[in-house]
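K.L.:
what's the 3D shape of this:
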Amino acid sequence: MAGDRWATFDCYGTLIDWNGGIRGELARVFGEERADELLTRYHELEPQLEADGTRSYRGVLTEAMRELGAPAGEEDALARSLPSWRPFPEVPASLKQARGRGWKLAILSNTDRDFIDASMAQLGVPFEVAIVASEIGSYKPALGHWQAFEREAGRLPDVHVAASLFHDIGPANELGLRSIWINRLGEQPGPEPTHELPDLSGLAETLEDLA
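P.N.:
I've put the predicted structure just below:
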């Protein structure tokens, strides 16, 4: 595996429409008028709930809903809905193009095995490796995912692709990795990626340029 070209990916927010999936459930449970405010609050809660690495992602989602004030019976609404969250439209074709150019693909995700299996089925593109937080007891931005990948592949990846500066680009920089930041939200960079794209449409060409 050491001679292969590896691209690692974050999943939620990068490949799967994470904000869309969460916001849709928040609107259903709490009402459309509160959805944006609660989505912002969710983004504040999630890293706090992940910080010590002891909760499964199902547990993180459920506790976040509890802290947002979900009514009885809806605490697991996000966990129930996650397997149906859809990829961004350009993602499956872009991943296929990268594979067609000989890239091996891996997912490094702050999630659980059953969730990532459901999301990979939605993507419809094979990944050689999928490393999930609940199996390694570590959530990004801690370095556990990359360390687990290195144990499996024999080295660190050539390029890491992700939408989150905090969870992914920062630690990729710390490890000296080349990165592609998928800036879907028009954000200003904090940690500087190697390359920036608005979505995955130019993925295959950019991977070639960085390789």
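
K.L.:
dump the residue contacts of residue 194.
P.N.:
Applying Cβ atoms under 8 Å, 6 or more residues apart in numbering to residue 194 gives the contacts 159, 178-180, 210. (Each C-beta comes from the backbone N, C-alpha and C, glycine too.)

K.L.:
all strands of the chain, in order?
P.N.:
Remark: strands assigned in the chain by DSSP state E are 5-9, 103-109, 129-132, 159-162, 178-182, 195-197.

K.L.:
okay, the ones you listed, which one's buried deepest?
P.N.:
Of all the strands of the chain, strand 159-162 has the most neighbours on average by mean count of other Cβ atoms under 10 Å, namely a mean of 28.

K.L.:
related to what we said a few turns ago, as a markdown table, the strands of the chain with mean pLDDT and distance to residue 87 would be great.
P.N.:
Converted to a markdown table, those look like this (pLDDT from 0 to 100; distance: least, Cβ to Cβ, whole Å):
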| stretch | mean pLDDT | distance to residue 87 |
| --- | --- | --- |
| strand 5-9 | 98 | 12 |
| strand 103-109 | 98 | 12 |
| strand 129-132 | 98 | 15 |
| strand 159-162 | 98 | 14 |
| strand 178-182 | 98 | 13 |
| strand 195-197 | 97 | 16 |
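
K.L.:
what's stretch 51-58 in contact with?
P.N.:
For stretch 51-58, contacts defined as Cβ under 8 Å, 6+ apart pick out 49, 63, 76, 79, 110-112, 115, 132-134, 137-139, 142, 144.

K.L.:
can you flag the buried ones in these?
P.N.:
49, 63, 79, 110-112, 115, 132-134, 138-139, 142, 144 (16 or more other Cβ atoms under 10 Å).

K.L.:
which members of those residues are positioned in helices?
P.N.:
Members of the buried ones among the contacts of stretch 51-58 lying in helices (criterion: DSSP state H): 49, 63, 79, 115, 133-134, 144.

K.L.:
grab the two from those residues that are most spread out in space.
P.N.:
Farthest-apart pair in these is 79 and 144; separation 22.1 Å (Cβ to Cβ).

K.L.:
and stretch 61-77, which residues are buried?
P.N.:
Quick answer for stretch 61-77 (16+ other Cβ under 10 Å): 61-65, 68, 70, 74-75, 77.

K.L.:
from residue 182, how far off is residue 199?
P.N.:
As for residue 199, its distance to residue 182 is 6 Å (criterion: Cβ to Cβ, to the nearest Å).

K.L.:
how many neighbours does residue 176 have?
P.N.:
For residue 176, the count of nearby residues is 7 (other Cβ atoms under 10 Å).

K.L.:
gap between it and residue 85?
P.N.:
32 Å.

K.L.:
touching stretch 203-211 from outside, list them.
P.N.:
By Cβ under 8 Å, 6+ apart, the surrounding residues in contact with stretch 203-211 are 5, 7, 94-95, 97-98, 100-101, 103, 158-159, 161, 178, 180, 194-195, 197.

K.L.:
wait, stretch 164-178
P.N.:
10, 13-14, 47, 110, 140-143, 146, 156-160, 162, 179, 181, 187, 189-195, 210.
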